[in-house]
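Trainee: with the sequence up front, the predicted model follows.
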Amino acid sequence: AQSVAQPEDQVNVAEGNPLTVKCTYSVSGNPYLFWYVQYPNRGLQFLLKYITGDNLVKGSYGFEAEFNKSQTSFHLKKPSALVSDSALYFCAVRGFSGGYNKLIFGAGTRLAVHP
Amino acid sequence: DTAVSQTPKYLVTQMGNDKSIKCEQNLGHDTMYWYKQDSKKFLKIMFSYNNKELIINETVPNRFSPKSPDKAHLNLHINSLELGDSAVYFCASSQGLTSGRTQETQYFGPGTRLLVL
């Protein structure tokens, strides 16, 4: 089965503190993993992806994610949170439909950074 | 320059009506998608077109009919709108989304907020 789990509906963090948004996946074969961010009333913006190579992936706005194959996880991290990071974050994994690739999204995690 | 654009941004209509949403991308991509985001923010793929051909149809009701006049455009027509169709519809595009190739990043439009009364 192809799936993505984001176990936290919401993550609260104080500005300046490190943040982690969790994601675990289930997919056959090598996983291709993505993080997207959605600001209120906006479309999804690509943050970063893991295809192969270094397990630590760096992306936009100071975000990074760590791929852990043994734990089937791809947690999103940032060393120092900003109030402007408050948004909805989606983890996604490449799945398959009729021989074609598709993205399977998690349910999303709302990040709230308070001053 | 807007990479993926959608019109209209908002759409309020009565049950039973027929409506269309348009999407255009200027990224030169060969694959386009429609996603539905429900009230709980859950995001699910509906359709995917590669080079104007339908490649993914995720058990969407027949009332939904996508059309791709060319690689840069993917429109979504919805017949006999129902209350449950109220959602945000996102268009996206990517390059080279065929099986066996490296997964390319999908770029999303701003969304069309559909409200069926």
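Mentor: Yep, that arrived.
Trainee: tell me if whichever strand or helix holds B:Glu24 is near chain A.
Mentor: When secondary structure is defined using DSSP states H and E, the element that contains B:Glu24 is strand B:19-25. No. Looking at strand B:19-25 against chain A by CB under 8 Å from any CB of the partner chain, there are no contacts, and the closest approach is 11.1 Å. All C-beta spots, glycine's among them, are computed from the backbone N, C-alpha and C.
Trainee: tell me the mean pLDDT for that strand?
Mentor: Per-residue pLDDT values over strand B:19-25 give a mean of 97.
Trainee: give me the contacts around it.
Mentor: Among residues not part of strand B:19-25, those counted as contacts by CB atoms under 8 Å, 6 or more residues apart in numbering or on different chains are B:3-8, B:11, B:13, B:32, B:34, B:72-78, B:81, B:89, B:91, B:93, B:107, B:109, B:112, B:114.
Trainee: looking at chain A, which helix or strand is least sure?
Mentor: Across the helices and strands of chain A, mean confidence by mean pLDDT, DSSP states H and E is lowest for strand A:100-105: a mean of 84.
Trainee: hmm, A:Asn17 is touching A:Ala81, no?
Mentor: Yes. Applying CB atoms under 8 Å as the test, A:Asn17 and A:Ala81 come out as touching, 5.8 Å apart.
Trainee: which of those two has more neighbours?
Mentor: Relative neighbour count places A:Ala81 above the other of A:Asn17 and A:Ala81, with 21 against 11, counting by other CB atoms under 10 Å in any protein chain shown.
Trainee: state the helix or strand in which the more buried one lies.
Mentor: Since the elements are taken from DSSP H and E, A:Ala81 ends up inside neither a helix nor a strand.
Trainee: output the below-cut-off pLDDT ranges for chain B.
Mentor: Where chain B drops to pLDDT under 70, the residues are B:1-2, B:96-104.
Trainee: tell me the centre residue of it?
Mentor: By CA atoms, centre = their mean, the mean C-alpha position of chain B lies nearest to B:Trp34, the distance being 2.4 Å.
Trainee: residues in contact with that one?
Mentor: Residues in contact with B:Trp34, defined by CB under 8 Å, 6+ apart, are B:23, B:45-48, B:66, B:74, B:76, B:89-92.
Trainee: mark which of the contacts of strand B:19-25 are buried, thanks.
Mentor: Buried members of the contacts of strand B:19-25, counted by 16 or more other CB atoms under 10 Å in any protein chain shown: B:4, B:6, B:11, B:13, B:32, B:34, B:72-76, B:78, B:81, B:89, B:91, B:93, B:107, B:109, B:112, B:114.
Trainee: of the residues you listed, which belong to strands?
Mentor: When DSSP state E is applied, the buried ones among the contacts of strand B:19-25 are split such that B:4, B:6, B:11, B:13, B:32, B:34, B:73-76, B:78, B:89, B:91, B:93, B:107, B:112, B:114 fall in strands.
Trainee: show me what the lengthiest strand in chain A is in contact with.
Mentor: When chain A is parsed with DSSP E, its longest strand is strand A:87-97. Applying CB under 8 Å, 6+ apart, the contact partners of strand A:87-97 are A:2-4, A:6, A:21, A:23, A:25, A:27, A:31-40, A:44, A:47, A:74, A:76, A:101-106, A:108-111, B:41, B:43, B:45, B:48, B:56, B:58, B:99, B:103.
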